[in-house]
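**Student:** Sequence first, then the predicted structure:
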Amino acid sequence: MEAKMSATKDLSITRRSIMAAAALGGLSLVVPHAAIAAESRADVIEFSAFPEMSETEIDAIAHRHAEEEAARIIQAAMASDDAESRATRGRPSYSTVYGAVLTKASGWHDVAGQGPGGVHIDGGGDIHVQPSGGGSVSVSVPLPNGVGSIGVSIPLAKRGMSVTGYSVHIDGNGFWKATANIENKVQPFVVYETIDGVKKVYKKAASNTFFRMSLSKRKVG
């Protein structure tokens, strides 16, 4: 990280708009309607999705998303249970065990769509960035009760062609690349099904809530 950021000086990033909320489902990206605040730390600026909340409160939001997703899984399971199936066995019941809320990051990546040689800046300018659309990376999250792990997709940022999203401002000339690190709050959980006293894993899943994005820049030529 230090080597990658060594050429990033005098960073100025301007927020142009607020991310829209995405529908929650499975491993979907969830963004709150609240404004996103930026905080500068030397050559990196962080955009927090929950600027007015403590991390404990943010974890509680992630847990609520997991509860909502678990409820949908159980509702779908119960709806698929029919009288014909119950003729040979009892009616199933369901329970959910939640793991710890974890902060998972994409790691620093060059923003997609910039070209191998970077973006040419002549006399100062901006590289516009969208917080997703540049693919994703999969991170492993341990499940509760020692039943293994699950892969969760963390999005990667993409270069935007308009001022919507976020902008990395560059003073000077040369070829530059914007870099980004996306952090999500992940709540893993396991839904269990019990039939005739026999309990088994029904579904392994995790909610995935956008938490924070950090942006920086580096000179490549």
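**Tutor:** Nice, thanks for sending it over.

**Student:** Please count neighbours and contacts with C-alpha atoms only from this point.
**Tutor:** Fine.

**Student:** contacting residues around the most centrally placed residue in the chain?
**Tutor:** Among the residues of the chain, the one closest to the centroid is Asn184, at 3.7 Å (CA atoms, centre = their mean). Going by CA atoms under 8 Å, 6 or more residues apart in numbering, Asn184 touches 103-105, 154, 208-212.

**Student:** Contacts only, for Asn181.
**Tutor:** 105-109, 156, 213-215.

**Student:** Next: Leu156.
**Tutor:** So Leu156 contacts 106, 109, 111-112, 131-137, 180-182 (CA under 8 Å, 6+ apart).

**Student:** which among these end up buried?
**Tutor:** 106, 109, 111-112, 131-132, 134, 180-182 (16 or more other CA atoms under 10 Å).

**Student:** Pick out the lowest-pLDDT one from the residues you listed.
**Tutor:** Comparing pLDDT over the buried ones among the contacts of Leu156, the lowest score belongs to Pro131 (82).

**Student:** ok, the nearest residue to that residue once chain neighbours are set aside - contacts?
**Tutor:** The shortest distance from Pro131 to any residue other than its chain neighbours is 4.5 Å, reached at Ala157 (CA to CA, 6 or more residues apart in numbering). Going by CA under 8 Å, 6+ apart, Ala157 touches 111-112, 129-135, 180, 182.

**Student:** same deal with Pro155?
**Tutor:** Taking CA under 8 Å, 6+ apart, one finds 106, 131-137, 182 in contact with Pro155.

**Student:** how close does it get to Met78?
**Tutor:** 32 Å (CA to CA, to the nearest Å).

**Student:** mind listing the helices for this protein?
**Tutor:** With DSSP state H as the definition, the chain shows helices at residue ranges 2-5, 55-80, 83-86.

**Student:** export those to CSV and tack on distance to His169 and mean pLDDT?
**Tutor:** Listed next are those as CSV, based on distance: least, CA to CA, whole Å; pLDDT from 0 to 100:
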stretch, distance to His169, mean pLDDT
helix 2-5, 15, 36
helix 55-80, 29, 95
helix 83-86, 62, 64
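
**Student:** which residue ranges form the strands in this protein?
**Tutor:** Under the criterion DSSP state E, the chain contains strands at 12-15, 37-41, 44-48, 93-98, 102-105, 109-110, 119-121, 125-130, 136-142, 149-155, 158-159, 166-170, 174-195, 198-219.

**Student:** mean pLDDT for the ones you listed: which is lowest?
**Tutor:** Mean pLDDT per stretch puts strand 12-15 lowest among these, at a mean of 36.

**Student:** out of everything not next to it in sequence, what's closest to Lys203?
**Tutor:** Spatial nearest neighbour of Lys203, excluding adjacent residues (CA to CA, 6+ apart): Val191 at 5.1 Å.

**Student:** I'd say the one you found and Ala70 touch.
**Tutor:** Yes: Val191 lies in contact with Ala70 (CA atoms under 8 Å); the separation is 7.0 Å.

**Student:** shared neighbours, those two?
**Tutor:** Taking CA under 8 Å, 6+ apart as the criterion, Val191 and Ala70 both touch Thr96.

**Student:** Those two - which one has more neighbours?
**Tutor:** Neighbour count, other CA atoms under 10 Å: between Val191 and Ala70, Ala70 has more, with 27 against 19.

**Student:** ok, now which ones touch that one?
**Tutor:** 96, 189, 191.
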